[in-house]
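A.B. asks: Got a predicted structure here, sequence first:
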Amino acid sequence: MSFKTRLLRGGINVFILYHLFAIYTYNLPTSELKTQVSRWTKPYLNILCLGQNWAMFVAPGTQNMYMEVRITYADGTQRVRSIGRQDYKGVWEQLINERSRKLMEYTFDTAHKDHYPQLARWAVRKNARETKCRVVYAEVLRYWSPIPAPPEGIHQPPIGKWYSEVSYKTTADELFNPKKKGQP
């Protein structure tokens, strides 16, 4: 083996070891060692977009949640459009619906309730392709179920009670002809 080949292999080995060391130390709990080492590893991980810790994979709260828009038509029928619900979808549909789930996580908090009219409009437009009946009103509903801590020795937490509330309700006229500020 030539000197050039040995040098190249050595460089590749050093790179792989540095890469593994950087990822390992980035995921360590906060400590003095992590603080010292991160000065050398953090810029490298950020450039490669690998600087994400395990908190990225943790749910934002300790509850199951989803949202629905319930649309009521002039003939009395109702249609429901789920937002962020993944449990009844196949793998491919879950992948496509991931953006909807992230949107639901953001808008579920009532601090973002100013987005509820847009959610209702979106659902009405989606369902407009399926029916020609006039919309009477639309409701945005939030559903949640707290996830209690599992009892000692049990790996699956018990299923909690589901709660729901109508977070926004509007008529079709208000939905598509919103009043401007200052108008009666």
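C.D. replies: Yes, it's here. Numbering: from 1, shown residues only.
A.B. asks: drop to CA atoms for contacts and neighbour counts, all remaining ones
C.D. replies: Noted.
A.B. asks: which residues of this structure score low on pLDDT?
C.D. replies: The model of the chain has pLDDT under 70 over residues 52-62, 86-89, 94-97, 148-160, 178-184.
A.B. asks: hmm, try it at 50
C.D. replies: Within the chain, the stretches with pLDDT under 50 are 58-60, 181-184.
A.B. asks: so which strand or helix has the most centrally placed residue in the chain?
C.D. replies: Centroid check for the chain by CA atoms, centre = their mean gives residue 102 as the closest residue, at 2.6 Å. For residue 102, the host element (DSSP states H and E) is helix 98-108.
A.B. asks: and what of residue 165?
C.D. replies: strand 163-171.
A.B. asks: okay, that strand in CSV with CA atoms only?
C.D. replies: Written as CSV, here are the backbone C-alpha positions of strand 163-171 (Å, rounded to 0.1, in the frame of the first residue of the first chain):
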residue,chain,number,x,y,z
TYR,A,163,-62.1,16.3,26.2
SER,A,164,-63.4,18.6,23.5
GLU,A,165,-64.5,22.1,22.9
VAL,A,166,-65.9,24.2,20.1
SER,A,167,-63.1,26.8,19.8
TYR,A,168,-64.5,28.8,16.9
LYS,A,169,-67.9,29.0,15.2
THR,A,170,-68.9,31.1,12.3
THR,A,171,-71.6,31.4,9.6
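A.B. asks: How far off centre is that strand?
C.D. replies: 21 Å (CA atoms, centre = their mean, to the nearest Å).
A.B. asks: next one: stretch 29-42
C.D. replies: 29 Å.
A.B. asks: Need the residues that contact it.
C.D. replies: 22, 25, 26, 28, 51 (CA atoms under 8 Å, 6 or more residues apart in numbering).
A.B. asks: The fourth one belongs to a strand?
C.D. replies: Just to be clear, that refers to residue 28. No: counting by DSSP: H, G, I helix; E, B strand; the rest coil, residue 28 falls outside a strand, being coil.
A.B. asks: neighbours of it, just the number please.
C.D. replies: 11 (other CA atoms under 10 Å).
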